[in-house]
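In: Sequence and predicted model, in that order:
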Amino acid sequence: MNTVKMAKPKEQKKARGYRLKPSTHNMIAEIQKLLKCDQDKAIYEACKKFYDELIHTKNINSVKAA
């Protein structure tokens, strides 16, 4: 008896149409290489790190002001 393995359908991604500078595309490509992930994950991780650093800086500045 032959069993046919069904592949799971990949998650559909929606085209977003971002217009970015070539240098930004290059940065995203470098992040993708480092993280071994797709563009969406690379952009998410970069934004998350940036946000975390902003919050950290804001917290330090508020402590200094007090």
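Out: Cool, got the structure. Numbering: from 1, shown residues only.
In: pLDDT averaged over whatever helix or strand residue 53 lives in, what's the number?
Out: Assigned by DSSP states H and E, residue 53 belongs to helix 39-65. For helix 39-65, the mean pLDDT works out to 88.
In: how about that helix: buried residues?
Out: For helix 39-65, burial by neighbour count (16 or more other C-beta atoms under 10 Å) applies to 42, 43. Yep, even glycine has a C-beta here, placed from its N, CA and C like the rest.
In: So which other helices or strands are in contact with that helix?
Out: Here helix 39-65 touches helix 22-35, going by 3 or more C-beta pairs under 8 Å, 6 or more residues apart in numbering; DSSP states H and E.
In: Which strands and helices lie in contact with the helix it packs on?
Out: helix 39-65.
In: Now do the helix it packs on: distance to the chain's middle.
Out: 14 Å (C-alpha atoms, centre = their mean, to the nearest Å).
In: Run the angle between that helix and helix 22-35 for me.
Out: Counting by axes from the mean of the first three to the mean of the last three C-alpha atoms, to 10 degrees, helix 39-65 lies at 100 degrees to helix 22-35.
In: Look at residue 26 and say how many residues are nearby.
Out: 11 (other C-beta atoms under 10 Å).
In: ditto for residue 31
Out: Quick note: residue 31 (other C-beta under 10 Å) scores 17 neighbours.
In: thinking it is in contact with residue 46, fair?
Out: Yes. Between residue 31 and residue 46 there is a contact at 5.7 Å, judged by C-beta atoms under 8 Å.
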